[in-house]
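Enquirer: Have a look; sequence and predicted model below, questions after that.
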Amino acid sequence: MCSSSASLALWTSSWLAGASSPDDVIDAMFEWAPMHLVGAGDATAAEAFGLPHPGYAESIAGLLQAIRATAGTVPQPAVGEETVRLVLPAPGAVTGLPANTDFSRAALNSGQAVTVGTSGCPGIGLVPVVEGPDVLRWTVYSIVVPEHGHREQGLGEAEYEMREAVRGAADALAQMQALPTRTLDGDPRTRIAALMAEAARHRYPAEMSDRAFRVLETADRVAAILTVASGSAPSEAPTATGAAAREELLRPLWAAVRTARTIAVATSIDAALHSA
C-alpha cells in the first residue's frame with residue numbers, strides 16, 4: 001500500500017459497500033500509526049461533524065463519522081465515478097483538487113488526500129500529515145468536489161505502463177549509479193527490498209481484483225527503485241544542469257506511478273460501490 005490515503009480510500013469504500021466493517025477500516029489505518037488525531041480545517045466542517053477547530057482530538061472514529069455522514073447525503077454516483085477518491089497531487093499535477101482552497105494547498109504539501117462526495121456537490125477533503133513514527137494527523141475540510149473527468153486509462157493500460165516503468169526505473173537507477181555518487185544507505189537492492197517489504201505489510205480489502213493488486217504492487221516496486229535512485233547523492237555539489245537532468249529523468253516515472261495508483265484504486269472503489 002502506497003499511502004495512508006490509499007488505505008483510507010479503499011477500506012472506507014469497502015465498508016460503505018458493506019463488504020467490510022468499521023473495525024476492518026480501523027485495523028487497516030492503525031497499521032499506519034497507533035494514534036490518529038482528527039480535526040476540522042474550517043468552521044463548516046467543525047460544525048457539521050462535531051470536530052475540534054482549531055485543534056485535534058485523539059479519535060479515528062471522528063474521521064469515519066465524517067465520511068459516513070457525507071457519503072450518506074450525496075447523490076448516487078454514476079458508474080465510473082467514485083464517491084470516495086484518492087488524490088495524489090504533485091507540483092504541476094493537481095488534477096482532482098479544487099482550485100485555490102486550503103484543502104488543495106494542504107493536499108499538495110502532503111502529496112496525498114482523499115475526497116468524499118459527488119462531482120460538483122458539497123463534500124469533504126481529508127489530508128493526512130505524519131506527526132512522528134506513531135502519530136498521523138488528519139484534517140477534514142469542507143469542499144465542493146471537483147469534476148471527476150474522463151478516466152483515460154483502464155487497468156490493462158496501467159498494468160502495461162507499470163511493466164514499462166519498471167524497466168525505465170531500473171535504467172534510471174543504473175544511470176545514477178554510473179555517475180560519481182556516494183551511496184548513503186548501503187546496497188541499492190537491499191534498500192529497494194526494504195521499501196517493498198514496508199509497502200507489503202499493509203493489507204488490501206479481500207474483494208480487490210488480482211489485476212488492481214498487480215498494478216499497485218508494481219507501482220510500489222517502481223516507487224522503491226525511484227526512491228533509491230533519488231537518494232543517490234552526488235559526490236560533489238551538483239550543477240544546476242545536472243540537477244535538472246536528474247529531475248527530468250525521474251519526473252515522468254513518478255507521474256506514471258501516481259497515475260497507475262489512482263487508476264487501480266479508483267477502479268477498485270467503483271467496482272465495490274456499484275456491486276453493493
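Expert: Thanks, I have the structure now.
Enquirer: any low-confidence regions in the stretch 151-276 of the chain?
Expert: Applying pLDDT under 70 to the stretch 151-276 of the chain flags residues 151-152, 176-186, 231-246, 272-276.
Enquirer: May I ask you to confirm that Gly50 is in contact with Gly62?
Expert: Yes - the criterion here is C-beta atoms under 8 Å, and Gly50 meets it with Gly62 at 7.3 Å. The C-beta positions use only the backbone N, C-alpha and C, and glycine is treated the same way.
Enquirer: Please identify which of those two sits among more neighbours.
Expert: Of the pair Gly50 and Gly62, Gly62 is the one with more neighbours under other C-beta atoms under 10 Å, namely 22 against 13.
Enquirer: residues touching that one, list them.
Expert: By C-beta atoms under 8 Å, 6 or more residues apart in numbering, Gly62 lies in contact with Val38, Phe49, Gly50, Leu51, Val140.
Enquirer: if you set the cut-off to 6 Å instead, what comes out?
Expert: Val38, Leu51 (C-beta atoms under 6 Å, 6 or more residues apart in numbering).
Enquirer: For Pro52, give me the backbone phi and psi.
Expert: In terms of degrees, to the nearest 10, the main-chain angles of Pro52 are phi -70, psi 140.
Enquirer: Around it, count how many other residues there are.
Expert: By other C-beta under 10 Å, the residues close to Pro52 number 13.
Enquirer: What's the local residue count around Val144?
Expert: Val144 is surrounded by 14 other residues when neighbours are defined as other C-beta under 10 Å.
Enquirer: got the contact list for it?
Expert: For Val144, the contacting residues are Pro98, Pro122, by C-beta under 6 Å, 6+ apart.
Enquirer: any chance you could map the helices in the stretch 151-276 of the chain?
Expert: For the stretch 151-276 of the chain, the helices identified by DSSP state H, counting those that start in this stretch occupy 155-178, 188-200, 210-230, 240-275, in order along the chain.
Enquirer: Tell me which of those is the most buried.
Expert: Mean neighbour counts were compared across the helices of the stretch 151-276 of the chain using mean count of other C-beta atoms under 10 Å; the top stretch is helix 210-230, at a mean of 20.
Enquirer: can you pull the pLDDT of the nearest residue to Pro146 once chain neighbours are set aside?
Expert: Once flanking residues are discounted, Pro146 sits nearest to Pro98: 5.2 Å by C-beta to C-beta, 6 or more residues apart in numbering. Note on Pro98: pLDDT of 91.
Enquirer: My impression was that Pro98 belongs to a strand - is that right?
Expert: No - inclusion of Pro98 in a strand is not indicated when DSSP: H, G, I helix; E, B strand; the rest coil is applied; the result is coil.
Enquirer: neighbours around it, how many?
Expert: A total of 19 residues lie near Pro98 under the criterion other C-beta under 10 Å.
Enquirer: residue contacts, it?
Expert: Applying C-beta under 6 Å, 6+ apart to Pro98 gives the contacts Ser104, Ile143, Val144, Pro146.
Enquirer: How much space separates the third one from Arg105?
Expert: Taking C-beta to C-beta, to the nearest Å as the measure, Val144 falls 16 Å from Arg105.
Enquirer: likewise the last one?
Expert: With the distance defined as C-beta to C-beta, Pro146 ends up 15 Å from Arg105.
Enquirer: The two - which one has more neighbours?
Expert: Using other C-beta under 10 Å as the criterion, Pro146 and Arg105 rank with Pro146 on top: 22 against 12.
Enquirer: Now the more buried one: phi and psi?
Expert: On the backbone of Pro146 - angles per degrees, to the nearest 10 - the values are phi -60, psi 160.
Enquirer: State the distance from it to Ala43.
Expert: Applying C-beta to C-beta, the value for Pro146 to Ala43 is 22 Å.
Enquirer: nearest residue to Leu216 other than its sequence neighbours?
Expert: Ala264 (4.9 Å).
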